[in-house]
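In: here is a sequence together with a model predicted from it:
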Amino acid sequence: MMLLRIVLLFILLPAISFAQKGNITEDFETGLKKGYDVADAVLKTGSWKFDGALIGSTDSNLGNGKSSVRIQGKAGDEKRNGILGMNFDYENLKSIKVTCGLYAADVSRKGILDIFMSTDGGETYSKIDRVEIPARTDYLVSQTITLRLPDSAKARFKFVNSSGYLANGVTARINVDDIVFRFKK
């Protein structure tokens, strides 16, 4: 019976919409995702799609705790598009805050993280903001995006590494940590 409950949780979790108050932080300290190839991983906040992304915990990964997400796109590889996306929705959102930085080996490059939002369960997305990480920075950059959504609106987000491809066909690696979802009171 317990196994059935666990299986049902993983089947239903992507379709769940969460209505909350206060703040919820995804710090990427729970869950496991190795390798850049596309796969889903269940984290503290729900199921996330890692497409050209992994959870890194080495000293080269910039983050607030022991783990952060590392996103890198690869030209011509459909399994590595450089995207981190939510497989679930939140209702009643006021804002989100994303914190990111450059992976240690890539600090000589400028990083660009585009933020997209969907209000139709992930069918379509619109770009709502961009975080630019200056070259030669070894610190995290935070950006808060204020949302103007009706109270009943559901939203999900994806974070796209848009840094541009290097000569070897990959983008500069960006670490993402501590995405804070702020809800209307």
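Out: Cool, got the structure. Numbering: from 1, shown residues only.

In: which secondary structure element of the chain has the lowest mean pLDDT?
Out: One helix or strand of the chain scores below all others by mean pLDDT, DSSP states H and E: helix 2-12, with a mean of 41.

In: any regions of this structure where pLDDT drops low?
Out: For the chain, the stretches flagged by pLDDT under 70 are 1-20.

In: now with 50?
Out: The chain contains residues with pLDDT under 50 at 1-17.

In: show me where it has its strands.
Out: All strands of the chain, identified by DSSP state E, fall at 17-19, 23-26, 39-42, 47-51, 53-56, 68-71, 83-86, 89-91, 93-102, 111-118, 126-133, 141-146, 154-161, 174-183.

In: so how far is residue 22 from residue 51?
Out: Here the criterion is CB to CB, to the nearest Å. By it, residue 51 lies 30 Å from residue 22. Using the backbone N, CA and C atoms, a C-beta is placed for each residue, glycine as well.

In: same check on residue 111?
Out: 30 Å.

In: again with residue 154
Out: Distance from residue 154 to residue 22, by CB to CB: 18 Å.

In: now do residue 55
Out: Computed as CB to CB, the residue 55 to residue 22 distance reads 25 Å.

In: have a look at these two and say which one is more surrounded.
Out: Neighbour count, other CB atoms under 10 Å: between residue 55 and residue 22, residue 55 has more, with 21 against 9.

In: hang on, the more buried one packs against residue 28?
Out: Yes: with contact defined as CB atoms under 8 Å, residue 55 counts as touching residue 28 (5.7 Å).

In: which neighbours do the two share?
Out: Shared contacts of residue 55 and residue 28, defined by CB atoms under 8 Å, 6 or more residues apart in numbering, comprise 67-69.

In: residue 118 - nearest residue in space that isn't next to it in sequence?
Out: In space, residue 118 comes closest to residue 125 once its chain neighbours are excluded; the distance is 4.7 Å by CB to CB, 6 or more residues apart in numbering.

In: isn't that neighbour up against residue 160?
Out: No: the pair residue 125 / residue 160 is not scored as a contact, 9.2 Å apart, by CB under 8 Å.

In: joint contacts of the two?
Out: residue 116.
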